[in-house]
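[1] fold the following, please.
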Amino acid sequence: MTCIVGFIDKNKQLWMGADSLGSTSSMKFKRKDTKLFRNKDFLIGYTSSFRMGQLLRFKWNPPEQKQSKKDYEYMCTCVIDSIRKCLKDNGYSKIDNNKEEIGVFLIGYKNKLYKIDDDLQVEECIDNYNACGSGTYFAIGALEILNKVNDNPKDILKQALQTAEKFNPYVGRPFIIKKY
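    Residues are numbered from 1 along each chain as shown. Okay, the predicted model is just below:
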């Protein structure tokens, strides 16, 4: 289910977009609770589980960044450690053969875009965009092209989500778009 897209425009401003569909292999429904939200200084768009999103939105308390830590180090250590603890303490993490897994989400912080994978790794792409969810491949392809021919971040994200919706049965409107 889902398509979450993130894009950093030519002015170095971060934008994110999300669809609103909840789905299984045999049914789909539009959710009132959005997959894209703010939690203090973070803009988060998630896939995998609505429960994980609810915990990140309402239970996770982002740690303060110390001046001695650069943004990426802060994300890989303090932020991931606190997210891991929040999800584990609230019954949302899977441990199999001593390997912990969560869901996948994009997180914006200080106009930088990060992807948190299910193994808790932090990815920061060289490209100025990223995506997650079942519509990822379609959205990434659209973002690559749109990034070269369109200067309007809202249009770019909307068209990437529309492309994912057209080709993936688990992506659907309404689309939510937010600027960091």
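
[2] angles on the backbone of the residue lying closest to residue 180 once chain neighbours are set aside, please.
    Leaving aside its chain neighbours, residue 180 sits nearest to residue 14 (3.8 Å; criterion: CB to CB, 6 or more residues apart in numbering). Just so you know, the C-beta spots here come from the backbone N, C-alpha and C atoms, and that holds for glycine as well. Dihedral pair for residue 14: phi -90, psi 140, per degrees, to the nearest 10.

[3] one more: residue 100?
    Dihedral angles (degrees, to the nearest 10) for residue 100: phi -90, psi 140.

[4] list the residues that contact it.
    84, 88, 93, 94, 119, 120 (CB atoms under 8 Å, 6 or more residues apart in numbering).

[5] roughly how far does the residue nearest to residue 180 sit from residue 71?
    12 Å (CB to CB, to the nearest Å).

[6] neighbours of residue 88, just the number please.
    Neighbour count for residue 88, taken as other CB atoms under 10 Å: 13.

[7] just the pLDDT at the residue lying closest to it once chain neighbours are set aside, thanks.
    Excluding its sequence neighbours, the residue lying closest to residue 88 (CB to CB, 6+ apart) is residue 100, at 7.7 Å. As predicted, residue 100 sits at a pLDDT of 89.

[8] which residues does residue 100 bridge with?
    residue 95 (DSSP bridges).

[9] and the gap between it and residue 79?
    Residue 100 is 16 Å from residue 79, by CB to CB.

[10] and if you look at residue 44?
    Noted for residue 44: a distance of 11 Å to residue 79, by CB to CB.

[11] shared neighbours, these two?
    Contacts common to residue 44 and residue 79, judged by CB under 8 Å, 6+ apart, are residue 107.

[12] who touches stretch 36-45?
    For stretch 36-45, contacts defined as CB under 8 Å, 6+ apart pick out 4-6, 14, 16-18, 35, 53, 56-57, 60, 62, 105-110, 132, 176-178, 180.

[13] specify the beta-bridge partners of residue 122.
    Under the criterion used (DSSP bridges), residue 122 bridges to residue 116.
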